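Asks: based on what follows, work out the 3D shape:
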Amino acid sequence: MWKREINGLRLTFHLAGINNQNFIMRDEETGTYWQQISGRAIAGPLAGQTLQLVPSDELSLALWKSDHPEGSVLGDATPYTAQYAATDWDIKMQKTPTVLSYAEPGRSPRDLMLGVRAFGAARAFPFDLIIQQKLVNDHVGGESILLVVGPDQQSVRAFRRPSEFYRTTAGNTGPMSSEQPLMMDAGTGSQWNFLGCAIDGKSKGACLGRVEVIKDYWFDWRHYNPGTTVYSLPAVSKPK
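Replies: The predicted structure is shown next:
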């Protein structure tokens, strides 16, 4: 998600085409072309400039509604509902050929990744693996981060971390909410929720810094982040 304003000018965007199966947008005001994945202007009067990222979440509707019971939801554009993709579009998309392929053992072009581009580096986290592990302590560009799965077992957030964190079982009880405890830090034993805030213990009241995450297909993330590394489970040493 990107801010529409740049240099004091509010832009109106339209889909202009697809390049390497990544959307290209064109603004009405200057005729500049912009990349979807990076927010960067690639051709036109504003070429070289980059839109400002808007922090956002990709949450399940149930979790979002539990946190924002009075919130509103964008409705369908009724005249165009017949053109909307089917509810199983993501399943069908897994079988759609890609124009690019970065084949690696055990990885296909349309594997879903959680991409982190921060601290001067890029790192991809296999979505299914993160959902399976529930909480991951890792590093990106020399900075310690953690990825944690929410109480709905589908949504993921990332934070900068001061020490090792461990998943608790408390997040699986009671009404679903981002405010219930999900994890504990090794440094103080404090309990933290899915908002990244300590709700009990010595760190109570403190909140971790958010790290933005982009969910993307492997081929697309790899193409626009050629120096990316990929998270994997540590090798298990076998006794001799």
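Asks: centre of the chain to stretch 103-111, how far?
Replies: Computed by Cα atoms, centre = their mean, to the nearest Å, the chain-centroid distance of stretch 103-111 equals 19 Å.
Asks: please renumber the chain so that the first residue is 33 from this point on.
Replies: Fine by me, first position is 33 from now on; the one you just mentioned is stretch 135-143.
Asks: buried ones in it?
Replies: Using 16 or more other Cβ atoms under 10 Å as the test for burial, stretch 135-143 gives Arg139, Pro141, Arg142, Asp143. (C-beta placed from N, C-alpha, C; glycine too.)
Asks: cool, stretch 75-89 as well?
Replies: By neighbour count with 16+ other Cβ under 10 Å, stretch 75-89 contains the buried residues Leu78, Leu83, Asp89.
Asks: of these, closest to Asp99?
Replies: When the buried residues of stretch 75-89 are ranked by distance to Asp99 (Cβ to Cβ), Asp89 comes first, at 9.6 Å.
Asks: next, the contact list for that closest one, please.
Replies: Taking Cβ atoms under 8 Å, 6 or more residues apart in numbering, we find Asp89 in contact with Trp96, Ser187, Arg189.
Asks: circling back to that earlier point, could you dump the buried residues of stretch 135-143 to JSON lines with pLDDT and distance to Leu167?
Replies: Below are these laid out as JSON lines (pLDDT from 0 to 100; distance: Cβ to Cβ, whole Å):
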{"residue": "Arg139", "pLDDT": "86", "distance to Leu167": "23"}
{"residue": "Pro141", "pLDDT": "90", "distance to Leu167": "28"}
{"residue": "Arg142", "pLDDT": "90", "distance to Leu167": "26"}
{"residue": "Asp143", "pLDDT": "92", "distance to Leu167": "21"}
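Asks: for the residues you listed, name the two members farthest from one another.
Replies: Using Cβ to Cβ for every pair in the buried residues of stretch 135-143, the one that comes out farthest apart is Arg139 and Arg142, at 9.9 Å.
Asks: residues that sit against both of these two, list them.
Replies: With Cβ under 8 Å, 6+ apart as the test, Arg139 and Arg142 both reach Trp250.
Asks: which residues of this structure fall in helices?
Replies: For the chain, helices defined by DSSP state H occupy the ranges 93-99, 121-125, 159-165, 250-256.
Asks: how far away from the center of its chain is the third one?
Replies: A distance of 13 Å separates the C-alpha centroid of helix 159-165 from that of its chain, computed with Cα atoms, centre = their mean.
Asks: cool, the last one as well?
Replies: Centroid displacement of helix 250-256 relative to its chain, using Cα atoms, centre = their mean, is 14 Å.
Asks: ok, now the shortest one?
Replies: From the chain centre to the centre of helix 121-125 is a distance of 19 Å (Cα atoms, centre = their mean).
Asks: quick one: contacts of it?
Replies: Ala118, Arg142.
Asks: could you give the average pLDDT over that helix?
Replies: The average pLDDT within helix 121-125 is 78.
Asks: any idea how far apart the tips of stretch 77-93 sit?
Replies: With Cα to Cα, to the nearest Å as the measure, stretch 77-93 spans 39 Å from end to end.
Asks: got the contact list for the closest residue to Ala75 other than its chain neighbours?
Replies: Nearest residue to Ala75 in three dimensions, chain neighbours excluded: Tyr65, at 4.4 Å (Cβ to Cβ, 6 or more residues apart in numbering). Tyr65 sits next to Ala48, Ile56, Met57, Arg58, Ala73, Ile74, Ala75, Gly76 when contact means Cβ under 8 Å, 6+ apart.
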